[in-house]
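A.B. asks: Got a sequence here, can you build the structure:
(one chain, ligands or ions: 1)
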Amino acid sequence: MLSYLGLPAAASTHAGDIDHMLVLVHWLMLVLFVGWGVFFLYALVRFRSGANPKASYTGAKGKISKGTEVAVAIVEVILLVGYAIPAWATRVKQLPAESEALVVRVVGEQFAWNVHYHGPDGKFGRTDVKLVSADNPLGLDRSDPNAKDDVTTINQLNLPVDRPILVHLLTKDVIHSFGLYEMRVKQDAIPGMDVPVWFVPTVTTDEMRQRLGKPDFDYEIACSQLCGLGHFRMRGFVTVQTQADFTKWFDEQLKEQRRP
Ligand SMILES: [Cu+2]
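C.D. replies: Just a heads-up that it's a prediction; the model follows:
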């Protein structure tokens, strides 16, 4: 049924759980749609005015209708308590340890995604709103020792495969939404809040290109909240690569950005 739902390819460890839940919800909706549709047609014929010249105001009295409603409610409770709440809880409560994960800041603004890596020292360099400029959209203070090995990018998020990624999601202006469809990740960026988002990417960009037979495929960061006139062009790209390729990319960026 997955392919019928038209979902994008799955590329994170928790994607299967989310898809499984979507399939169950769609099955329930299909049963309800067919069930209510059949009942509607039955009611049209059974209670037609020709056969019932006088309206009955008492309504249905049988046990079937009540039983059906209770059954539907039970299935909905199972979906909510058995699937939705546990899936949500692991997303928001069981964050990976900062020591194991790749920790990265993603800062939305109208209309771009700014990315900030802390580098090998594990500490994000100081940022100051006074330093924000066209060249330095995050206002990173390069004179801060913690910022020496920091790397920033715009609309480009490189990630190592098979490693927990912990994103600190922020925004400089309005509400944006960080949407990574293949990772089954979507989270609003709220002004004044640092929202943690985590996932484990499982398929490198190269592998996904092969799998899909699309040599120019890229994972996308899609802003999923209408955030202003330029919302349509607020998109970034995610490159999932091996740890070795990621380290190589990072070192290249660092060399480039250190240049005065
Ligand atoms: Cu946006």
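
A.B. asks: Just the element for residue 251, please.
C.D. replies: helix 243-258 (DSSP states H and E).

A.B. asks: hang on, I meant residue 240
C.D. replies: Assigned by DSSP H and E, residue 240 belongs to strand 235-241.

A.B. asks: buried stuff in that strand?
C.D. replies: Using 16 or more other CB atoms under 10 Å as the test for burial, strand 235-241 gives 235-236, 238-241. Glycine gets a C-beta too; all of them are placed from N, C-alpha and C.

A.B. asks: ditto for stretch 153-169
C.D. replies: Across stretch 153-169, burial judged by 16+ other CB under 10 Å covers 153, 155, 157-161, 164-167, 169.

A.B. asks: Of these, which pair is most distant in space?
C.D. replies: 155 and 164 (22.9 Å; CB to CB).

A.B. asks: before we move on, the earlier item: restricted to strands, list the buried residues of stretch 153-169.
C.D. replies: Applying DSSP state E to the buried residues of stretch 153-169, the entries found in strands are 153, 157-160, 165-167, 169.

A.B. asks: pLDDT added to those residues, as TSV?
C.D. replies: Shown next, in TSV, are those (pLDDT from 0 to 100):
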residue	pLDDT
153	94
157	96
158	96
159	97
160	96
165	96
166	96
167	96
169	97
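
A.B. asks: From residue 182, how far off is residue 24?
C.D. replies: Plainly put, residue 24 is 21 Å away from residue 182 if you go by CB to CB, to the nearest Å.

A.B. asks: Please say which of the two ends up with more neighbours.
C.D. replies: Ranked by neighbour count (other CB atoms under 10 Å), residue 24 and residue 182 place residue 182 first, with 22 against 17.

A.B. asks: Look up the pLDDT of that one for me, please.
C.D. replies: pLDDT for residue 182: 95.

A.B. asks: just residue 94 next, same as before
C.D. replies: 88.

A.B. asks: Who are the contact partners of the residue of the stretch 51-200 of the chain found nearest the ion?
C.D. replies: Residue nearest to the ion within the stretch 51-200 of the chain (CB to the ion): residue 176, separated by 3.5 Å. Taking CB atoms under 8 Å, 6 or more residues apart in numbering, we find residue 176 in contact with 108-109, 188-189, 223, 225, 227, 234.

A.B. asks: and it, bridged to which residues?
C.D. replies: Taking DSSP bridges as the rule, residue 176 bridges to residue 189.

A.B. asks: What are the buried residues along the helix of greatest length in the chain?
C.D. replies: Secondary structure of the chain per DSSP state H: the longest helix is helix 15-46. Buried residues in helix 15-46, counted by 16+ other CB under 10 Å: 15, 17-19, 21-22, 24.

A.B. asks: what's the average pLDDT for that helix?
C.D. replies: Mean predicted confidence for helix 15-46 is 92.

A.B. asks: Check stretch 253-260 too.
C.D. replies: 80.

A.B. asks: Show residues contacting that stretch.
C.D. replies: In contact with stretch 253-260 (CB under 8 Å, 6+ apart) are residues 119, 148-149, 151-153.

A.B. asks: Using CSV, lay out those together with distance to the ion.
C.D. replies: Compiled in CSV, these are given as follows (distance: CB to the ion, whole Å):
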residue, distance to the ion
119, 27
148, 31
149, 29
151, 23
152, 18
153, 17
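
A.B. asks: Which two of those residues have the greatest separation?
C.D. replies: 148 and 153 (17.0 Å).
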